[in-house]
Each structure stands twice: as structure tokens, then as C-alpha cells.
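> Fold the following for me, if possible:
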Amino acid sequence: MPSETWEGPLPDAIRERFGEGVEKAVVLGGQKLLVVGLGAAADILASLRDDHGFDYLVDVTAVHWPEKELPFEMVWILYSFDSNERVRVKAALAEGVKVPSAAGLYNAANWLEREVYDMFGIEFENHPGLRRILMPDEWEGFPLRKDYGIVQQDTDWVRENLKIESAQ
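Take a look at the predicted model:
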């Protein structure tokens, strides 16, 4: 999908304040995207909320790219009611690296980060209660990783916990 450089007061202000912490600002498929370093992500999210009116955290998710050197991308989607504008913030990270929690900035981050933890195994530093939210506590592995073998895990779990054979 073709992208173009995102120009304007918001990306300029973020670039000026965070310098090399901002890798690029683009419009991709009509969506405004800031690609940032993970070390700057928490401060950029706080600035977007406090200085630029992005008062609603729409979603927190991740993407798994097992073939990349940094195989995970965190994605935060923010919305400003005042300007009716959305911005996505994305940061790449390695396996086992903890992500600063946004739960102190946005209440919605609590459960959204738990979902990312449950589905991808990404841990959030200073999260108030990081634990599974969708899968049973005894579930092994992280179902949204591209290298996850769901059929065998599902078959084993159903057999052990429901005492029936899976339809898989």
C-alpha cells in the first residue's frame, strides 16, 4: 500500500519534541501513522493526550512478524473528540522486551493490554494486573502469533478439560 509523508502541525510538533524517537510520520491508506522507537512510545502517547487532545484510546494491539529482526509491532490507536481525528502509533520490539503500560494514561489500556498479553505474550511494564483475559489460565502459548499451532493446542485442551474429542 503506498504511503506519503504526513505533513502538518501535529507531526511537526511531535518530531520537534521527540527527535529521533520518531522514525517516520506517514499517511498510509488514508490513516495517519507515527512510527516511533519503543523507548519514546510512552512519552509520545502522553504528549498526544496532554498536549494534542487525543483523549480516547480506541485500541491497543500487536502484529507478529516472525521473520523480522524485531518480530513484534505494538499499535496504539488514539482519537481526539475535539478535532475528530485519529492517529496510530506503532513501535517495533524484540521477543521478551517489555512495553511500558499505557494504563496510567488511559483506563481502557488495562484490558486492551491484557488482551495483547494473552494473545501475543507481550508483557507490559507497570501494568496494574497483567494476566490472561480471553484464554483459560492454564492455556499454553499465544494464539495470535503466526507460528502458533492452534489445532493441536485446541485438541489437547478440549480433550483434557471438556473430556470430549475436538471437532478439529
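
> Mind jotting down where the strands sit in this protein?
For the chain, applying DSSP state E gives strands covering 3-5, 22-28, 31-36, 56-64, 72-80, 85-93, 99-100, 124-125.

> Mean pLDDT and mean neighbour count for the ones you listed - can I get that in CSV?
Yep, even glycine has a C-beta here, placed from its N, CA and C like the rest. Shown next, in CSV, are these (pLDDT from 0 to 100; neighbours: other Cβ atoms under 10 Å):
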stretch, mean pLDDT, mean neighbour count
strand 3-5, 93, 10
strand 22-28, 97, 17
strand 31-36, 98, 20
strand 56-64, 98, 18
strand 72-80, 98, 21
strand 85-93, 98, 19
strand 99-100, 98, 22
strand 124-125, 98, 16
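
> JSON lines for those, including distance to residue 142?
Below are the strands of the chain laid out as JSON lines (distance: least, Cβ to Cβ, whole Å):
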{"stretch": "strand 3-5", "distance to residue 142": "29"}
{"stretch": "strand 22-28", "distance to residue 142": "26"}
{"stretch": "strand 31-36", "distance to residue 142": "24"}
{"stretch": "strand 56-64", "distance to residue 142": "8"}
{"stretch": "strand 72-80", "distance to residue 142": "11"}
{"stretch": "strand 85-93", "distance to residue 142": "14"}
{"stretch": "strand 99-100", "distance to residue 142": "14"}
{"stretch": "strand 124-125", "distance to residue 142": "14"}
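
> so which of the ones you listed comes closest to residue 160?
Closest of the strands of the chain to residue 160 is strand 56-64, at 26.1 Å (criterion: Cβ to Cβ).

> can you give me how far the closest one is from the chain middle?
4 Å (Cα atoms, centre = their mean, to the nearest Å).

> between that strand and strand 85-93, how big is the angle?
30 degrees (axes from the mean of the first three to the mean of the last three Cα atoms, to 10 degrees).

> Please look at residue 129 and residue 109 and confirm they touch.
No: contact criterion Cβ atoms under 8 Å: residue 129 and residue 109 do not qualify, at 11.8 Å.

> More neighbours: which of the two?
Neighbours per residue (other Cβ atoms under 10 Å) separate residue 129 from residue 109, with residue 109 holding more: 22 against 10.

> check contacts around that one.
57, 60, 101-103 (Cβ atoms under 8 Å, 6 or more residues apart in numbering).

> swap in residue 102?
Contacts of residue 102 (Cβ under 8 Å, 6+ apart): 42, 45, 57, 60, 76, 109, 113.

> if we take those residues, which one ends up nearest to residue 95?
residue 113 (17.4 Å).

> What residue spans form the domains of the chain?
Per the record, the chain has its domains at 3-134, 138-168, by automatic domain parsing.
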